[in-house]
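**Student:** Sequence and predicted model, in that order:
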Amino acid sequence: MTEATGAGPIPSGNDGPSWANRLLIVAAAIELLGSLAAVPLLFLDVPQLPGPPLTGTLITIRLLAQPVLALAALVFAIQYRTAYAIYAMAGLIIVMWTSFLPTFVEHGLQFDGYMAIHTLYELIAMPLLAGVAAALATARQKIAALLVTLPTLLDLLSVIAFAISSAVFGD
């Protein structure tokens, strides 16, 4: 990296951040905001939270690790360390995935209607996305960035779809 006088770090060989780097910044910021909103759950005096022993432990780990990994991804993306941002986002996906696993053990796999797609996405696609993105982080950063931000973008689209349907159809 080179330093321009007073301008801060500039990525060498680029005119500025790529669309992949911008996508990582947006996705990491969304994940950070979402994870910070969930942190107060750790301090509630509700016996049902975080849940049974294994589930509760994994959910607690997720609530603690998610903001740290999201912040790391955001900082790395802002610093143009795209590969490290991809690794942090991949770690975030794996942490989320592991917190879903006890649900599948306790309630079984649900393959009826929409739940079939959702189950396959959470159980199979999420770890595959994280693994492939981490493997491609240095060689194919743009593809890896797209893969690792896909869960965040799909979550954002589902929130937007829910908001629109609530606005149109009411409760």
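**Tutor:** Sure thing, it's come through.

**Student:** which helices and strands sit right next to the longest helix along the chain?
**Tutor:** Ranked by number of residues, the top helix in the chain under DSSP state H is helix 141-169. Packing contacts for helix 141-169, counted by 3 or more CB pairs under 8 Å, 6 or more residues apart in numbering; DSSP states H and E, involve helix 19-38, helix 82-107, helix 126-136. (C-beta placed from N, C-alpha, C; glycine too.)

**Student:** could you redo the last one with a cut-off of 10 Å?
**Tutor:** helix 19-38, helix 53-78, helix 82-107, helix 126-136 (3 or more CB pairs under 10 Å, 6 or more residues apart in numbering; DSSP states H and E).

**Student:** Quick check: buried residues in it?
**Tutor:** By neighbour count with 16 or more other CB atoms under 10 Å, helix 141-169 contains the buried residues 141, 144-152.

**Student:** So the residue lying closest to W97 once chain neighbours are set aside versus L101, what's the distance?
**Tutor:** Spatial nearest neighbour of W97, chain neighbours left out: M126 (4.6 Å); criterion: CB to CB, 6 or more residues apart in numbering. With distances taken as CB to CB, to the nearest Å, M126 is found 11 Å from L101.

**Student:** Counting neighbours, go ahead and name the busier of the two.
**Tutor:** Taking neighbours as other CB atoms under 10 Å, M126 and L101 compare with M126 leading, 19 against 14.

**Student:** And the pLDDT for the nearest residue to L147 once chain neighbours are set aside?
**Tutor:** Nearest non-adjacent residue to L147, counting by CB to CB, 6+ apart: A133, 4.1 Å away. pLDDT for A133: 94.

**Student:** got it, and W97?
**Tutor:** Reported pLDDT for W97: 89.

**Student:** Contacts only, for E122.
**Tutor:** Applying CB atoms under 10 Å, 6 or more residues apart in numbering to E122 gives the contacts 96-97, 100-101, 103-104, 151.

**Student:** With that, I have no additional questions.
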